[in-house]
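Undergrad: Let's see this in three dimensions:
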Amino acid sequence: MIAHARSDAEEDARIATEKALKSPEEEIVTKLSSMSLFEKLALGIHPNPSPSPSPSTFRFIPKSEFHAERVEKGLRKLQQLEHEFTALDVKMAISILSTPRNICDPFPLDNLKNSAICIKHRLNSYKQDLEEVSSAKVQLESQLESAISDLKVANQRWTEAASKLVGKASSKQEYNTSKPLLIY
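TA: The predicted structure is shown next:
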């Protein structure tokens, strides 16, 4: 009989322990379910996708992992901008640029220059306070500024070459005065 009473006491203790453990767990689940997604993310709680239709479970992500994800996302964004810039191939375009044949010929690399400026504006509008991302951003910004500067110099040379055509045409009497003079 004493053994039976002992097993009943052990059973009662086990049940009491389960209830005590279940109660805080239920409180946590209730609190989590009432929180907004933003509040959960701010605490470092991210939903784990579940293949079954049961409710999502949550896991805590260490700040170092969250930092690494932010760095990766920032570097991916910069890599995308760098890829767009590299695709412009500014150095090659400038190297094969010829001289204007007519005083009315527009600068053929205007679209390229505008594209580089657009990429630079998008880069400048991208705000990131992480050191790893900021250093990569500074490097890309420097490359863009250099390319834009090179394009502006090429544009200036193009304009100067076109203006020399005006001088040659007037000295050779080949200049047609019936057509308006367009200078870009």
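
Undergrad: what helices or strands is whichever helix in the chain runs longest leaning on?
TA: Determined from DSSP state H, the single longest helix within the chain is helix 131-171. Judged by 3 or more Cβ pairs under 8 Å, 6 or more residues apart in numbering; DSSP states H and E, helix 131-171 is in contact with helix 63-88, helix 90-95, helix 110-125. The way it works is simple: take the backbone N, C-alpha and C, and place the C-beta from them, glycine included.

Undergrad: Name the surrounding residues that touch the shortest one.
TA: Translated: helix 90-95. Defining contact as Cβ atoms under 8 Å, 6 or more residues apart in numbering, one finds that helix 90-95 is touched by 109, 112, 116, 147, 150, 151, 154.

Undergrad: Just put these in CSV and tack on pLDDT, neighbour count and distance to residue 101.
TA: Putting these into CSV (pLDDT from 0 to 100; neighbours: other Cβ atoms under 10 Å; distance: Cβ to Cβ, whole Å) gives the following:
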residue, pLDDT, neighbour count, distance to residue 101
109, 92, 20, 16
112, 94, 19, 20
116, 96, 24, 25
147, 96, 23, 26
150, 95, 17, 23
151, 95, 24, 20
154, 94, 20, 16
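
Undergrad: Show me where this structure dips below the pLDDT cut-off.
TA: 1-9, 13-14, 16-65, 167-184 (pLDDT under 70).
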